[in-house]
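Participant: could you work out the structure for the sequence below:
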Amino acid sequence: MFLSEYRPGPHRRATTDPHDICPETGRARLGYDRARILLGHYADGLELHQLRHSSATHLGDANTSANVIMTKTGHKSLRSVQRYVKPGLAAAHTATEALSSPRRRE
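Facilitator: From the prediction side, this is the model:
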């Protein structure tokens, strides 16, 4: 999340969505356009949309479900999220073990 340099004054805080205020610092979240401009100014060659893809890829690598990634990224289709969900060999082994292990009765 990109945050403004200062905390919003009382008049801005009253009209700002509480989800757009950082609970730790009290600073407001920057809008997409402002964050894009600042990123372009300070990180030459990096685009804000690339960070979105990077975040979704890290979630996929952490075995986060496609539905959660879809909700987090705002995609409307599971098909568009498939590029981030690429389970590796270890995930395939874990799934196989879960299916092949005998169930225990308690």
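
Participant: outline the domain layout of the chain.
Facilitator: The chain breaks down by automatic domain parsing into domains covering 1-46, 47-106.

Participant: those domains into a markdown table, with extra columns for mean pLDDT?
Facilitator: Output for these, formatted as a markdown table (pLDDT from 0 to 100):
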| stretch | mean pLDDT |
| --- | --- |
| domain 1-46 | 78 |
| domain 47-106 | 80 |
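
Participant: now the lengthiest helix in the chain: buried residues?
Facilitator: Longest among the helix segments of the chain by residue count, using DSSP state H, is helix 48-61. For helix 48-61, the neighbour count (16 or more other Cβ atoms under 10 Å) marks 48, 56, 59-60 as buried. For every residue, glycine as well, the C-beta is placed using N, CA and C.

Participant: which helices and strands does the helix or strand that that helix is followed by pack with?
Facilitator: Next helix or strand after helix 48-61 toward the C-terminus (DSSP states H and E): helix 66-73. Contacts defined by 3 or more Cβ pairs under 8 Å, 6 or more residues apart in numbering; DSSP states H and E place helix 66-73 against helix 48-61, helix 78-81.

Participant: and the contacts of helix 66-73?
Facilitator: Helix 66-73 has contacts (Cβ atoms under 8 Å, 6 or more residues apart in numbering) with 52, 55-56, 59-60, 75-78, 80-82, 84-85.

Participant: export the buried residues of helix 48-61 as JSON lines, with columns for distance to residue 32.
Facilitator: Shown next, in JSON lines, are the buried residues of helix 48-61 (distance: Cβ to Cβ, whole Å):
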{"residue": "48", "distance to residue 32": "7"}
{"residue": "56", "distance to residue 32": "16"}
{"residue": "59", "distance to residue 32": "20"}
{"residue": "60", "distance to residue 32": "23"}
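
Participant: how close does residue 96 get to residue 87?
Facilitator: According to Cβ to Cβ, to the nearest Å, residue 96 stands 12 Å off from residue 87.
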